[in-house]
Structures are given as C-alpha cells and as structure tokens.
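Novice: fold the following, please.
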Amino acid sequence: MEKYLVSVIIPVYNGSDYVAKAIESAISQTYRNLEIIVVNDGSKDNGLTKEAVLPFLKDERVKYIEKPNGGVSSVLNYGIEHFNGDFFVWLSHDDVFDPRSIELRIQKWEKLGCNNKIIVSTKTKYIDKNGNKKFRVAANSKDVNNIYDILSSTINGCSLLIPRDAIKGHSFIQGMVYMQDYYLWAELINEGVRIRVVNKKVTFNRIHDKQITSTRMDLLIRDYGRFDEAFVMPLFEKKEYRQLKRIIFAFTRRLSVRPFYEDYIEKYRANLTVLKKWNIFDSLHVKCDLLVSKIVGILRGVK
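Specialist: Sure thing, here's the model as predicted:
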C-alpha cells in the first residue's frame, strides 16, 4: 500500500450533470491510498446531486457530507479542518483527473526531497461540457516563486498536491469566487512555500456556460481589487520594481477582461514613472503586448 494518504475534497452544488464523472476520475486513480470527501453545499435540485453521489459510497474510500450552502470556499475550509491525509487535493465537481494525476504528483514531490514547503502541480487541459478537448489561449503553467508567477501562470487549483503542514491553519476567503485560490497561494508563497510543476497535462478543467466564473466579471473586479491591495501594491514598498513591471506585461495578455486590466496597467505605470523605474523601452514592450493581444482577440472573436 502507498505510504501517504491523499485526501481529495470534491465541493458540489447543483452538480448532478458532472459530479459522477469527477468521482469516477478520483476512484480510478492509479494511486489508491485515497480519502475522497464529497461535500454537498446545500444543493437545491430536488436531491439530484445526492442521487448522483450515492452509488459511489460502496467504495469505502468515499465519504458523503451535506452542509448548508456557503460557497466553494466554505466547503474547502471544511475540508482543511477535517481531512485526515498527508496531502490535500481539491477536485471541482465539474473537473476530472487523468488516472495517473495523483501518482505523478506524489512521485514529483518525492523526487524534490519530500519537502513540506513544496506544492506539486500538474498542467491542465481544457475540456467542454461534453468532455471534448477545448482550444484556449493561455500561458503555460510554470513553477511559482513569487506574486508575478501566480498572476502569469495558468495553474488550476485542482491540479495541486498540497502537503498537510503547508495548508493546515490556513483558509480560503469566503465570498470570493474568482481569486480565493490565488489569494491563498499568494499567502503561502509569502511564507516560503513554492509550487513545482509536473510537465504532464493530467488535470482536466471543464469550461461550460453554467460556471459563475464565466458570467460575473463584476465579481472578478471586486476579487482582484482585494488581491491587488493585499499582494501587488505592497511590492512598491518592497521595491520589487522588476516584478511589478512583469505583472504589467502579463496583464496586457489577458484578453477576456482587458478593459479592467488596462486601468491597473495605467496605475502601475504612473507610479513607476514617478519613481523613475519606467522608461520608453517598457512603454514599447506594453504597446507590443497589447497589439499582439488584440490580434489574438480578433482571431478568437473576443470583443
């Protein structure tokens, strides 16, 4: 039997369409020493979510819990408080794992010296509502060492294997729907935790029109403002000017919410200009990035 117990937390709310696929992908892992906790976050679908989960309870590794609705962060925080494993893994109810997803993460963590300050991530493929591969322009997932790396990476929360010692005592901010995971990763990075990536796309992120993250740009603005205040603006006090400029360049490539990011770009650029840490070459870099971004946006039909 494998040495380490891995706890997989599956939050679900009105998720009868996809949750069975998520659970199947968890119980089918080649790494077998798992605790799979499915938390029904107060679904209001006449018991359909519960019906989808119940057949899997014959696997003794699967536990089913119901709680009043509180949002995905409340479920993940419940998981942090109650999981029994050596590692914490999050699997959204509409995402799925390749059978070797957890095994590859464990192997990578062991190769890196079994360090509890190391989180291991896989790379991610995007799929549509039917499970078919979906084309999506994005930066490659990469190792994360600082705030810029968090913002420029496409690391998915469900791709992470987090040591118990790294996450215990922490929590996801309730009420955030876009940035609650990045906010926690940033807190951990500031405590010396690092994220290292397995060069395999073995986590599958499903993109569909029912996701709140596909429909509420106002919530992104709210959540990013909170993240910005906590982790980006303090970089001025730390005189991390190079990291700030790299963040600006990363923002110019964010197609779907470009108008929002352009406001932030102007703010950072103005501050850096006053500090004489901005020059004509930086401006040219931004203009080139914006031009390439707009061309890609046109090709993709992004307004």
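Novice: now do the same contact list for residue 241.
Specialist: 235, 272, 275, 277 (CB atoms under 8 Å, 6 or more residues apart in numbering). (Glycine included, C-beta is placed from N, CA and C.)
Novice: got a list of contacts for the longest strand seen in the chain?
Specialist: As assigned by DSSP state E, the longest strand anywhere in the chain is strand 194-206. For strand 194-206, the surrounding residues in contact (CB under 8 Å, 6+ apart) are 18, 92, 94-98, 100-101, 104-105, 108, 112, 117-129, 131, 141-145, 149, 155-156, 158-160, 185, 189.
Novice: which ChimeraX command selects the buried ones in those?
Specialist: In ChimeraX syntax, the buried subset of the contacts of strand 194-206 is picked out as below (16 or more other CB atoms under 10 Å):
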select :18,92,94,95,96,97,98,100,101,104,105,108,118,119,120,121,122,123,124,125,126,127,141,142,144,149,155,156,158,159,160,185,189
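Novice: hmm, back to that, next, the buried residues of the longest strand of the chain.
Specialist: Across strand 194-206, burial judged by 16+ other CB under 10 Å covers 194, 195, 196, 197, 198, 201, 202, 203, 204, 205, 206.
Novice: can you tell me which of these lies nearest to residue 248?
Specialist: residue 195 (22.2 Å; CB to CB).
Novice: ok so, going back, may I see the PyMOL selection of the buried members of the contacts of residue 241?
Specialist: Restricted to buried positions by 16+ other CB under 10 Å, the PyMOL selection for the contacts of residue 241 reads:
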select buried, resi 235+272
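Novice: can you list the domains in this protein?
Specialist: The chain resolves into domains spanning 6-208, 233-300 when parsed by automatic domain parsing.
Novice: that older thread, got a markdown table for the buried residues of strand 194-206, with pLDDT and distance to residue 176 too?
Specialist: Output for the buried residues of strand 194-206, formatted as a markdown table (pLDDT from 0 to 100; distance: CB to CB, whole Å):
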| residue | pLDDT | distance to residue 176 |
| --- | --- | --- |
| 194 | 97 | 23 |
| 195 | 97 | 20 |
| 196 | 97 | 25 |
| 197 | 95 | 24 |
| 198 | 94 | 27 |
| 201 | 91 | 27 |
| 202 | 93 | 27 |
| 203 | 93 | 21 |
| 204 | 92 | 24 |
| 205 | 88 | 18 |
| 206 | 87 | 21 |
